[in-house]
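Q: Take a look and give me a structure for this.
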Amino acid sequence: MIVSIYALTLAIANLFGVNKVADYDPPLAKLYPNDIGMERDTNVLYVEKFDDPVVTIANRYTDVYNSEGMLSDPDAVTTTPGSKSLKMTNTGGKNTGGHLFRNFTEGFDSTIYIRYYVKYPSTSKGFIHHEGIWFGGYNPSTEYPNPRAGVCGLGNSRISIAYEPVNDRMGSYLYWGDMQSDPKGNCWGNDMVNGSKSAQPVPWDRWTCVEIMVKMNNPVSACNGELKIWHDGIEVGHWGEGFPNGSMLYGRFTAGGTGGFKGFRWRTDEHLKINYVWIEFYDDKSADGVSHHIKFDNLVIAKKYIGPIEN
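A: Reported below is the predicted structural model:
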């Protein structure tokens, strides 16, 4: 078993009754090099390493689209024996990619972290529509995706959170009850990221670590919900009640100025919780017979910060 230096130090300190380990709450990844054994940590809610055969992986999900276009790929984030990633493909004129959707019936409340790795091939540039991992909640919970794109409101029945390519840079794609509409009154995914200097370019042809924290608003009448995003372990942004300074216009947040962000009222019904994860590859732009792909690896959902994989 691989044990991190921090975990070993803590165990020795506890053995001798010494409580002098620094007051430091390490990322989960530091405690579990290569994510080995992380699934047994009490802070961890779900792990998908994509190391199993595709048919086995698909059986863990409540809704699957185009499993025939999914491949187990040796190009993995970790180099431990048996490590693989999931490669999703499309064929223009035949399908629009594929997805894996998993419903967690009871749902998760309070503060939730989701971390995963993604590789965007440069051959997909110009063809990306929605490609990433979405998570959020439906009330009532459902075993299949029901995004209801363009529909405003729904604060009692829908939350959707993603970080994906937006105009050649990475941005958020959010749906929640208080989201803003466009000039025509339609609500498309709101972007908090691209109007700031911290926005990152799309990381073509390399594994990228994405981590998102969502803090649910409580009580449901309050706007004290929060969102935080890390890109390869570097914070891209943190938004909550009164911070950062900036303004929203037609669903796009622009940093700067003197007024603080009003915060997230993610939900107006306490029964709406984080209760799904949706691994998505949606390419509806490829010409007939043309194929593109995306790769995913090492997904973790937890109650505390996970961080990039430690070797």
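
Q: C-terminal to the strand ranked longest in the chain, what's the next element?
A: When the chain is parsed with DSSP state E, its longest strand is strand 97-108. Using DSSP states H and E, the helix or strand that follows strand 97-108 in sequence is strand 111-119.

Q: same for the helix or strand just after that next one, what does it pack against?
A: Proceeding C-terminally, strand 111-119 gives way to strand 130-138 as the next helix or strand, assigned by DSSP H and E. Contact analysis of strand 130-138 by 3 or more C-beta pairs under 8 Å, 6 or more residues apart in numbering; DSSP states H and E lists strand 111-119, strand 158-161, strand 163-166, strand 207-215, strand 274-282, strand 293-302 as its packing neighbours. All C-beta atoms are positioned from the backbone trio N, CA, C, and that covers glycine.

Q: List the neighbouring strands of strand 130-138 plus their orientation.
A: strand 158-161 (antiparallel), strand 274-282 (antiparallel) (DSSP bridges).

Q: Switch the helices and strands packed on strand 130-138 over to TSV; also include mean pLDDT and mean neighbour count.
A: Formatted as TSV, the helices and strands packed on strand 130-138 follow (pLDDT from 0 to 100; neighbours: other C-beta atoms under 10 Å):
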stretch	mean pLDDT	mean neighbour count
strand 111-119	98	22
strand 158-161	98	24
strand 163-166	95	23
strand 207-215	98	21
strand 274-282	98	24
strand 293-302	98	24
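
Q: I'd like those laid out as TSV, including distance to residue 223.
A: Formatted as TSV, the helices and strands packed on strand 130-138 follow (distance: least, C-beta to C-beta, whole Å):
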stretch	distance to residue 223
strand 111-119	16
strand 158-161	14
strand 163-166	21
strand 207-215	12
strand 274-282	18
strand 293-302	24
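
Q: and of the ones you listed, who's closest to residue 197?
A: strand 163-166 (15.7 Å; C-beta to C-beta).

Q: Setting aside sequence neighbours, what's the nearest residue to residue 177?
A: By the measure of C-beta to C-beta, 6 or more residues apart in numbering, the closest residue to residue 177 outside its immediate chain neighbours is residue 155, 1.9 Å from it.

Q: and that neighbour, what is it in contact with?
A: 176-178, 265-269, 272 (C-beta atoms under 8 Å, 6 or more residues apart in numbering).

Q: now, which of those residues lie within helices?
A: The helices, defined by DSSP state H, take in nothing from the contacts of residue 155.

Q: Compare these and tell me which is most surrounded.
A: For the contacts of residue 155, neighbours were counted using other C-beta atoms under 10 Å, and residue 266 has the most, 30 neighbours in all.

Q: ok, it touching residue 219?
A: No. Using C-beta atoms under 8 Å, residue 266 is not in contact with residue 219; the gap is 11.9 Å.
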